[in-house]
Every structure is written in structure tokens, then in C-alpha cells.
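J.: Predicted model and sequence follow; I will ask about them next.
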Amino acid sequence: GAVVSQHPSWVICKSGTSVKIECRSLDFQATTMFWYRQFPKQSLMLMATSNEGSKATYEQGVEKDKFLINHASLTLSTLTVTSAHPEDSSFYICSARDRVAGFTDTQYFGPGTRLTVL
Amino acid sequence: GENVEQHPSTLSVQEGDSAVIKCTYSDSASNYFPWYKQELGKRPQLIIDIRSNVGEKKDQRIAVTLNKTAKHFSLHITETQPEDSAVYFCAVGQAGTALIFGKGTTLSVSS
């Protein structure tokens, strides 16, 4: 149980294009999902908290107009990197919290999406 | 906001030795302390977690200890094996909030 998937697993795009990454909770409902970014040999940095049916909460320094987050259902959140540039190349990982789990702090991570912007 | 410090950044041990990684945090309201193992290019895998009502938790060769007064917690791996080699992250959180991660420790176990 508690499986989170991401699609695509990797993507290569040209500078200036937009890329959409999907995060799905497969066997549970997640009112809250989180988006992290991880540069090579670095830790996971929280980008934003995505709440179903409401606007995402972005961390300081993360441009909300560049990283669009939509959490339209209890099992799907999407991150769209708009007008991507080479410095956006990174490993993007989502996590989800089980809505009905006994402990509301446990998070389940997706497999990540490797974005390379040329 | 929460600040998490993790040490050491790299750790090399011989197979069979023990490994200890320590983390400190700043927010006394934090009450959830998981440890993740991440292999190259893969997602973080939860290996053990502890909540603030418990001081120590053990799962086979892995244990975590928590000192809430001093605001630090540690991961202990005994009888290390080459397959334990990976990057280990501590994290800190509370119900309803995102996890804040330490910078990670690269553990190398040589046979």
C-alpha cells in the first residue's frame, strides 16, 4: 500500500518550453502533496505544498508563476515548469500524505522525475 | 522556520563496524523524525522513524534515538554491510506540515 507514482520519469526539453510532471497516489487519497527539488549531491529542498482544492503554498524563493502547481483531485497533483531554462534541470520528487492514516505526518515519496533542459 | 543540521557529511566504515549519523533541529514543536536512505537516482526510502513520545526505536540492525530536550536525534546502523552504502537523510516534521531535510550523509561501507 501507500504507492506514489510520477510521470514522466525523465524528460529532456528545449529551453523556453513548458514541462508538466504528474504525481499520483495510487492506493490512497492525499489531501496534501509536497513538491521537492534535488540538485546533484544535494538534499531535497521543499518547493511547495499542494492542497487539494486550494492554492499551493510556495516556499520562499520559489517563483509561483514559473512552477505552477495544480491539485485538482485527491489522487493527483501536477507541477508545470514554465519557460524552462537549463538552471531548472534537476530531480523533482513529490510526496503525499495519506488522508486517513493514523499518523498524519508520514509521507510517501514518488520515484522522481529527472528534468534536463537543453 | 525549522533548521536541520546533519553530521557528518561523509562516513566511511569497514564492513561489520557500526555507523552513527546525528541531526539537530531548532523548532521544539517538531515531533516527527524520520530517516531516509537514498540510492543514486532513486526516491528516498523510509528506513525508520520516531515520534516525540518515544526515546528510542530499533528495527533489526537500525536504531534511532531521540533527545527532545537537547533537540537532537541519531541513526545507528550496526554490523554494516556493503549494501548499506547510500546517502542517508534525516528529516524533521510535525502533523500537517512538510518535512524539512538535513543535507545528507554519504555512507560508504567497504568489504
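T.: That came in fine, so what should we check first?

J.: so which residue of chain A comes closest to chain B?
T.: residue A:105 (4.0 Å; C-beta to the nearest C-beta). C-beta coordinates here come from the backbone N, C-alpha and C atoms, glycine included.

J.: who in chain A is up against chain B?
T.: By C-beta under 8 Å from any C-beta of the partner chain, the residues of chain A that approach chain B are A:32, A:34, A:42-46, A:49, A:91, A:93, A:95, A:103-107, A:109-112, A:114.

J.: Give me the sheet partners of the helix or strand of chain A with the lowest mean pLDDT and which way each runs.
T.: Least confident element among the helices and strands of chain A, by mean pLDDT, DSSP states H and E: strand A:107-109 (a mean of 88). Note on strand A:107-109: by DSSP bridges, its sheet partners are strand A:90-97 (antiparallel).

J.: CA atoms only for the partner strand - export them in CSV, please.
T.: Below are the C-alpha coordinates for strand A:90-97, written out as CSV (Å, rounded to 0.1, in the frame of the first residue of the first chain):
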residue,chain,number,x,y,z
SER,A,90,17.0,18.9,-11.6
PHE,A,91,15.4,15.9,-10.0
TYR,A,92,11.9,16.7,-9.0
ILE,A,93,10.2,14.5,-6.4
CYS,A,94,6.7,14.6,-5.0
SER,A,95,5.4,13.1,-1.8
ALA,A,96,1.9,12.5,-0.5
ARG,A,97,0.4,12.2,2.9
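
J.: roughly how far is that strand from the heart of the chain?
T.: Counting by C-alpha atoms, centre = their mean, to the nearest Å, strand A:90-97 is centred 4 Å from the centre of its parent chain.

J.: Show me how to select, in PyMOL, the buried members of the residues of chain A next to chain B.
T.: Filtering the residues of chain A next to chain B down to the buried ones (16 or more other C-beta atoms under 10 Å in any protein chain shown) takes a single PyMOL command:
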select buried, chain A and resi 32+34+43+44+45+46+49+91+93+95+104+105+106+107+109+110+112
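
J.: so what's the closest residue to residue B:67 other than its chain neighbours up against?
T.: Of all residues not flanking residue B:67 in the chain, residue B:73 sits nearest, at 6.9 Å (C-beta to C-beta, 6 or more residues apart in numbering or on different chains). For residue B:73, the contacting residues are B:22-23, B:25, B:33, B:50, B:64-67, B:90, by C-beta atoms under 8 Å, 6 or more residues apart in numbering or on different chains.

J.: low-confidence ranges in chain A?
T.: Scanning chain A for pLDDT under 70 picks out A:1, A:99-104.

J.: ok, the residue of chain A closest to chain B - contacts?
T.: With C-beta under 8 Å, 6+ apart, residue A:105 has these contacts: A:97, B:31-32, B:51, B:93-96.

J.: Let's have those residues in CSV, adding secondary structure, neighbour count and distance to residue A:14.
T.: Shown next, in CSV, are those (DSSP: H, G, I helix; E, B strand; the rest coil; neighbours: other C-beta atoms under 10 Å in any protein chain shown; distance: C-beta to C-beta, whole Å):
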residue, secondary structure, neighbour count, distance to residue A:14
A:97, strand, 27, 35
B:31, coil, 17, 45
B:32, strand, 20, 41
B:51, strand, 15, 46
B:93, strand, 24, 37
B:94, coil, 17, 41
B:95, coil, 12, 42
B:96, coil, 10, 39
